[in-house]
Structures are given as C-alpha cells and as structure tokens.
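Participant: Show me how the following folds:
(one chain, ligands or ions: 2)
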Amino acid sequence: MVITVINNKGGTGKTTISVNLAASVARSGYNVLLIDLDSQASAAFYLGLSREELEPSLADVLFNELPITEAIRETDIPGLDIVPGGIELAHSDLILADVAGREDCLLKAIKPVKNHYDFIICDCSPSISTLSVNALIASDTYLVPITPQYLSLEGLVSLMEAVDKIKTGMGLNANLLGIVINMVSTASQQTRSQANIIGLVREHYQKAVFTNFIKRYAKLEEAPAHGCSIFEYAPKSPAALQYNMLAQEVLSRCGMEDKAV
Ligand SMILES: Nc1ncnc2c1ncn2[C@@H]1O[C@H](COP(=O)(O)OP(=O)(O)OP(=O)(O)O)[C@@H](O)[C@H]1O
Ligand SMILES: [Mg+2]
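Facilitator: Numbering: from 1, shown residues only. Ligands and ions are numbered 1, 2, ... in the order given. Next comes the predicted model:
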C-alpha cells in the first residue's frame, strides 16, 4: 500500500503525520518505507539523520538512476526505513522538464522494493509540483492533513480540485484515504471559528474526514529536535495515544489490522 501525504499549503502537518504514522504502523508489526520528497529533508531530520547522512538521497534515485535500495536507510525504529530528501529536489521541475515519462520516475523507482514493504509513505513538499504528481502516480491512496483555519479550508477545496484534475488527466486510480484535522486547540482554547470550521469540513467531506483528529501538543513540536517519533520521545503522552488511534483508523481504512495486538 503506497500512501501519499499531500497538501500544497505549508505547515499543515504533512511531515509530522508522515513520520508518526509511519512509526506507529511499523510498531504495529508492518514493514514501512518513508519516502521524503521534500528538498528541506524534514522527515529525514525528524528521524535523526544528520546533514552529512542525507546523501545518497531521493534526488540520486530520481535524477541519477541510483537503485532505490542504495538510498534506503534503516532508522532506530524497527520496521521503519527511510529514503531521505535533499536540496537537489528543489530543482526537480527544471531537471525533469525534458525527461520523457517525468511523472513516472517514482513509480518506476519503488518497483523493486514494493513487495518488501507493507506500507510506503510519501511525505510531499508544500506544492503541486512534478514531484507531488510523481507521488500521486506511485500511490494507491492519499491522505490530506489540514489545520482548522479558514484559509486552510479554502486551500483544501483548491487542493481537492487540483488533485482531481491530475487524476483525470493522468487516468489515476489513487483514491482519497482521508482528511486529517491537525493542530486542534484544546477545548479551553478553542475559538468558535475553529469549531465552526471543523463542523464545516465534516459536513462537506463527511466520511472522508478521519474520526480521529490530532490536537495541538507541545510534545509534537519538540520531538523532531530529539530526532525521534512521538513514541520514543513521549510514549505515554496523549499525543502518542492520538497518533496510535489515527494509525488504527488508517489501518482499518486500508483493510489491514494491527499485527501487534
Ligand atoms: N499536532 C501538532 N501539535 C503541535 N505542533 C505540531 C503538530 N503538528 C505539527 N506541528 C508542528 O507544526 C510545524 C509544521 O508541521 P510539519 O512540518 O509537519 O508541517 P508540513 O505540512 O510538513 O510543513 P511543510 O509544508 O513545510 O512541509 C512543525 O513545527 C511541527 O512540529
Ligand atoms: Mg513537511
């Protein structure tokens, strides 16, 4: 199962969700590969890789025909591997502009390892670039994190339209796994407008919205600085609990079960 985590709006939690979802699913007994499609290599840094460890990166796989097996690193989390992003990915639109089949590079690259992994999770950068199109083409399904703000809601409508256009244009089958509402304020801090926006999203997108949402937690903001997922940084925290519940819902939507139970 290949899942793309996508939203062209920045800072909605794509990387946080990709990393912690990947970690939770790996802890459930699955083999998981996290592919970092961001030139900022945020997912790689999040999981503790240093700047010197970013090479070879996904850029070498996509642009220099390096076999993906040579760019895969094990992480400290059993069952979770990563292909790091890197700064060269920032020029992917230019580099791939004249390449025939430029939208299929990732699909072809992951073919040799697809059977080895139960889940491949693609963390996109905040744009609808050639790389994001590559991720969608390589994916069975996509997940959209949003924050409960008015501009996020407007962005979500545009994103869904853009993805639908790509799907129609490319004859894609990838379906929407769901929308995750992220960084929800705790009840005491929640403004009326935030509650209204969450209501509107649920009313409009109905079952597409995950029942489990993620609240705003300082521990989630702190974890990347320690180079680990929320499950190593604060395993007993409410944030870890919420991520496990979200991961269970993801597994269930994918028709899979928690192998660790
Ligand atoms: N539930 C949460 N509670 C508190 N902080 C969060 C939460 N989710 C994400 N963050 C923080 O918000 C910031 C943006 O999150 P993240 O980097 O995951 O978003 P992104 O969509 O990947 O961003 P970009 O568009 O730049 O790739 C980060 O500092 C992250 O630690
Ligand atoms: Mg990110």
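Participant: which stretches of the protein form helices?
Facilitator: 14-27, 42-46, 58-63, 92-96, 105-110, 130-138, 150-170, 192-205, 218-222, 230-233, 238-253 (DSSP state H).
Participant: most neighbours per residue, which of those?
Facilitator: Of those, the one with the most neighbours on average (mean count of other Cβ atoms under 10 Å) is helix 14-27, at a mean of 27. For glycine as for every other residue, the C-beta is placed from the backbone atoms N, C-alpha and C.
Participant: and residue 77, which of the helices of the chain is closest to it?
Facilitator: Closest approach to residue 77 among the helices of the chain (Cβ to Cβ): helix 14-27, 5.3 Å.
Participant: Show me what that closest one is packed up against.
Facilitator: Applying 3 or more Cβ pairs under 8 Å, 6 or more residues apart in numbering; DSSP states H and E, one finds that helix 14-27 contacts strand 2-5, strand 32-36, helix 42-46, strand 80-83, strand 119-123, strand 141-146, helix 230-233, helix 238-253.
Participant: Nearest to residue 132, out of these?
Facilitator: strand 2-5 (7.7 Å).
Participant: Give me the sheet partners of that closest one and which way each runs.
Facilitator: Paired with strand 2-5 in the same sheet, following DSSP bridges, are strand 119-123 (parallel), strand 141-146 (parallel).
Participant: does it come close to ligand 1?
Facilitator: No. Remark: strand 2-5 sits outside contact range of ligand 1, by Cβ under 6 Å from any ligand atom, the gap being at least 8.1 Å.
Participant: Not counting that strand itself, show me its contacts.
Facilitator: Here strand 2-5 makes contact (Cβ atoms under 8 Å, 6 or more residues apart in numbering) with 14, 17-18, 21, 110, 114, 119-124, 132, 135-136, 138-145, 174, 177, 250, 254.
Participant: near ligand 2, which residues of the protein?
Facilitator: Proximity of the chain to ligand 2, by Cβ under 5 Å from the ion, involves residues 14, 15, 42.
Participant: thought residue 37 was touching residue 127?
Facilitator: No. Contact criterion Cβ atoms under 8 Å: residue 37 and residue 127 do not qualify, at 10.1 Å.
Participant: who's more crowded, these two?
Facilitator: Set residue 37 next to residue 127 and count neighbours by other Cβ atoms under 10 Å: residue 37 wins out with 28 against 15.
Participant: so what's residue 114 closest to, chain neighbours aside?
Facilitator: residue 120 (7.1 Å; Cβ to Cβ, 6 or more residues apart in numbering).
Participant: Keeping just the C-alphas, turn stretch 205-225 into PDB.
Facilitator: Extracted in PDB, the C-alpha atoms of stretch 205-225 (Å, rounded to 0.1, in the frame of the first residue of the first chain):
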ATOM      1  CA  TYR A 205     -16.400  15.900   3.300                       C
ATOM      2  CA  GLN A 206     -18.400  13.700   5.600                       C
ATOM      3  CA  LYS A 207     -16.800  10.200   6.000                       C
ATOM      4  CA  ALA A 208     -13.700  11.300   4.100                       C
ATOM      5  CA  VAL A 209     -12.700  13.100   7.300                       C
ATOM      6  CA  PHE A 210     -10.900  10.800   9.800                       C
ATOM      7  CA  THR A 211     -12.900  10.400  13.100                       C
ATOM      8  CA  ASN A 212      -9.600  10.700  14.900                       C
ATOM      9  CA  PHE A 213      -8.000  14.100  14.800                       C
ATOM     10  CA  ILE A 214      -4.800  15.400  16.300                       C
ATOM     11  CA  LYS A 215      -4.700  18.200  18.900                       C
ATOM     12  CA  ARG A 216      -2.000  20.800  19.200                       C
ATOM     13  CA  TYR A 217       0.600  19.400  21.600                       C
ATOM     14  CA  ALA A 218       4.000  20.900  22.600                       C
ATOM     15  CA  LYS A 219       5.400  17.400  22.700                       C
ATOM     16  CA  LEU A 220       4.800  17.000  18.900                       C
ATOM     17  CA  GLU A 221       6.600  20.200  18.300                       C
ATOM     18  CA  GLU A 222       9.500  19.100  20.400                       C
ATOM     19  CA  ALA A 223      10.000  15.600  19.200                       C
ATOM     20  CA  PRO A 224      11.900  16.400  15.900                       C
ATOM     21  CA  ALA A 225      14.600  18.300  17.800                       C
END
